[in-house]
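In: test case, fold it:
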Amino acid sequence: MRFHSEHLSPRASASRAVFPLVLMIGIVTRCALGAPAMTGHASPPPPPSHTTASSNVASRSNAASTSHAASTVHAGTASAAPYRSLEVRVRTRDGFTLAGTLTLPRAVRRPPVVLVISGASVQDRDASSPHGPYRPFRQIADTLSRNGISVLRLDDRGAGKSTGRIDTLNTAERANDSRDAIEFLRARPDLDASRIALLGHSEGALIATMIAASDTSIRGLILMASTCATGRTIVEWQRTLSVQGAPATRGLQRRILREAMDEWDRRVQTDRWAAFFDTYSPDTTASKVKTPVLILQGDADTEVPTSEADALAGKFREAGNHSVTVRHLARLDHAFLDVGNFPDGVAANDHAFLLGSALLGAIAAWAVPRLH
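Out: Numbering: from 1, shown residues only. Prediction:
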């Protein structure tokens, strides 16, 4: 499995004046729990059972707007959502079809748009998981579209209604699917082609950065659990973290780690994705990006070192990009779920699988003023 537990956390196995900056992030619970996505006729959903808190000074600088967003929950029926959901198809340059959902705010003429980009494993447009009602991209689309920003989310090749296979592509090749999606958005007269931003999670964040490095028209990047070091460095960190938790002597732990890295080296010889990831340096790509960037990192992530967020921000800034914001989010893992809701590795309830208001508020608070 690429990036190892990218489908979810290991513990989850069990606008304009019309849209002021009173960020609408509460009407997502029922959708996330599996009700008809954004088009049903359900009664008002309850608010999420948990919220998360920011953990450092950089996060606290936005605490006022995030806290206000969390407390100003705009309840309403799903049918009253201030946007439409359209089923769309994107044709790739090599002849495959990517199916997806485009949300269009009803009260905004030619709105800005965010393209969301998934991580390394095969995922549908919601980045959903078979282990529980985890649909983060659906929640993010709902939040942004309630704040006047259109969102396109797509089934990966081989997932949902999309054709092709993702496992034949490395990260750089996968980026072309996102580039084709951007051209699809630019061709739509109901969207503002000059205000396109990218949101990527994990490998999707690497792809978003690659695209922005060569496409200066991209208006912003939202990078969730991205990396700065080479793939090999990240893999060795993951293996080391795993070995340190093993009930073994230090000598045995070192041997286990060597064997694990030997196994990775063998994979690099036969797997095109692994070969690219092993040596790819995100920091070099970051030095070419001049668009505003938001970096989001969970402080309980066991797939990406939390220090990567600040290291990556440093690379953007060293190259002259001074519009870089970092948010460290306490208790959130690689899936951006609150680890406190998974006692002993088991979800306490279905609400444990929902993104919290700290994350959704941070995304909306950053995106709205930059895209409107």
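In: tell me which element residue 141 falls in.
Out: Per DSSP states H and E, residue 141 falls inside helix 136-145.
In: remind me what whatever helix or strand comes next after that helix packs against, helices and strands.
Out: Downstream of helix 136-145, the first helix or strand assigned by DSSP H and E is strand 150-154. In terms of contacts (3 or more C-beta pairs under 8 Å, 6 or more residues apart in numbering; DSSP states H and E), strand 150-154 is packed against strand 83-91, strand 97-105, strand 113-117, helix 136-145, helix 171-186. For glycine as for every other residue, the C-beta is placed from the backbone atoms N, C-alpha and C.
In: buried stuff in the fourth one?
Out: Just to be clear, that refers to helix 136-145. Using 16 or more other C-beta atoms under 10 Å as the test for burial, helix 136-145 gives 136-145.
In: save those residues as JSON lines, and put in distance to residue 187 and pLDDT too.
Out: Converted to JSON lines, the buried residues of helix 136-145 look like this (distance: C-beta to C-beta, whole Å; pLDDT from 0 to 100):
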{"residue": "136", "distance to residue 187": "27", "pLDDT": "98"}
{"residue": "137", "distance to residue 187": "22", "pLDDT": "98"}
{"residue": "138", "distance to residue 187": "25", "pLDDT": "98"}
{"residue": "139", "distance to residue 187": "27", "pLDDT": "98"}
{"residue": "140", "distance to residue 187": "23", "pLDDT": "98"}
{"residue": "141", "distance to residue 187": "20", "pLDDT": "98"}
{"residue": "142", "distance to residue 187": "25", "pLDDT": "98"}
{"residue": "143", "distance to residue 187": "26", "pLDDT": "98"}
{"residue": "144", "distance to residue 187": "21", "pLDDT": "98"}
{"residue": "145", "distance to residue 187": "20", "pLDDT": "98"}
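In: stretch 267-276: which residues count as buried?
Out: In stretch 267-276, counting by 16+ other C-beta under 10 Å, buried: 268, 271, 273-274, 276.
In: no wait, stretch 166-174
Out: Under 16+ other C-beta under 10 Å, the buried positions of stretch 166-174 are 166, 169, 171, 174.
In: just how off-centre is it within its chain?
Out: The chain centre lies 18 Å from the centre of stretch 166-174; the measure is C-alpha atoms, centre = their mean, to the nearest Å.
In: next, the buried residues of stretch 110-126.
Out: If you call a residue buried by 16+ other C-beta under 10 Å, then stretch 110-126 has these buried ones: 111-126.
In: any idea how far residue 267 is from residue 237?
Out: 17 Å (C-beta to C-beta, to the nearest Å).
In: ok, residue 348 next?
Out: From residue 348 to residue 267 the distance is 36 Å (C-beta to C-beta).
In: ok, residue 219 next?
Out: Remark: distance between residue 219 and residue 267 (C-beta to C-beta) = 37 Å.
In: ok, residue 165 next?
Out: Separation of residue 165 from residue 267 (C-beta to C-beta): 18 Å.
In: now the strands: where do they sit in the stretch 201-350 of the chain?
Out: Applying DSSP state E, counting those that start in this stretch to the stretch 201-350 of the chain gives strands spanning 220-224, 293-298, 324-329.
In: hmm, who's touching the first one?
Out: If you take C-beta atoms under 8 Å, 6 or more residues apart in numbering as the criterion, strand 220-224 is touched by 114, 197-202, 204-205, 208-209, 212, 289, 291-297, 312, 336, 363, 366-367, 370-371.
In: among those residues, which ones are in helices?
Out: Among the contacts of strand 220-224, the ones falling in helices (DSSP state H) are 204-205, 208-209, 212, 312, 363, 366-367, 370-371.
In: want to throw those residues into TSV with distance to residue 250 and neighbour count?
Out: TSV is the format used below for the ones in helices among the contacts of strand 220-224 (distance: C-beta to C-beta, whole Å; neighbours: other C-beta atoms under 10 Å):
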residue	distance to residue 250	neighbour count
204	37	30
205	34	26
208	39	29
209	37	27
212	43	26
312	31	25
363	42	26
366	43	21
367	46	26
370	48	18
371	51	23
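In: could you dump the residues you listed to a markdown table with distance to residue 107 and pLDDT?
Out: Conversion of the ones in helices among the contacts of strand 220-224 to a markdown table gives the following (distance: C-beta to C-beta, whole Å; pLDDT from 0 to 100):
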| residue | distance to residue 107 | pLDDT |
| --- | --- | --- |
| 204 | 29 | 98 |
| 205 | 31 | 98 |
| 208 | 28 | 98 |
| 209 | 32 | 98 |
| 212 | 29 | 98 |
| 312 | 36 | 98 |
| 363 | 20 | 98 |
| 366 | 22 | 98 |
| 367 | 17 | 98 |
| 370 | 20 | 98 |
| 371 | 15 | 98 |
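In: from those, which is closest to residue 285?
Out: Using C-beta to C-beta, residue 209 is the member of these that sits closest to residue 285, with 5.3 Å.
In: close enough to count as contact, that closest one and residue 289?
Out: Yes. Here residue 209 lies in contact with residue 289, judged by C-beta atoms under 8 Å, at a distance of 6.1 Å.
In: out of the helices and strands packed on strand 150-154, nearest to residue 331?
Out: Of all those, helix 136-145 sits nearest to residue 331, with 16.1 Å by C-beta to C-beta.
In: kindly export the closest one (C-alpha atoms) in PDB.
Out: Extracted C-alpha coordinates of helix 136-145, given in PDB (Å, rounded to 0.1, in the frame of the first residue of the first chain):
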ATOM      1  CA  PRO A 136     -13.100  14.200   4.000                       C
ATOM      2  CA  PHE A 137     -13.300  15.700   0.500                       C
ATOM      3  CA  ARG A 138     -17.000  15.800   0.700                       C
ATOM      4  CA  GLN A 139     -16.800  17.700   3.900                       C
ATOM      5  CA  ILE A 140     -14.300  20.100   2.500                       C
ATOM      6  CA  ALA A 141     -16.300  20.700  -0.700                       C
ATOM      7  CA  ASP A 142     -19.400  21.400   1.400                       C
ATOM      8  CA  THR A 143     -17.500  23.900   3.600                       C
ATOM      9  CA  LEU A 144     -16.000  25.800   0.700                       C
ATOM     10  CA  SER A 145     -19.100  25.800  -1.400                       C
END
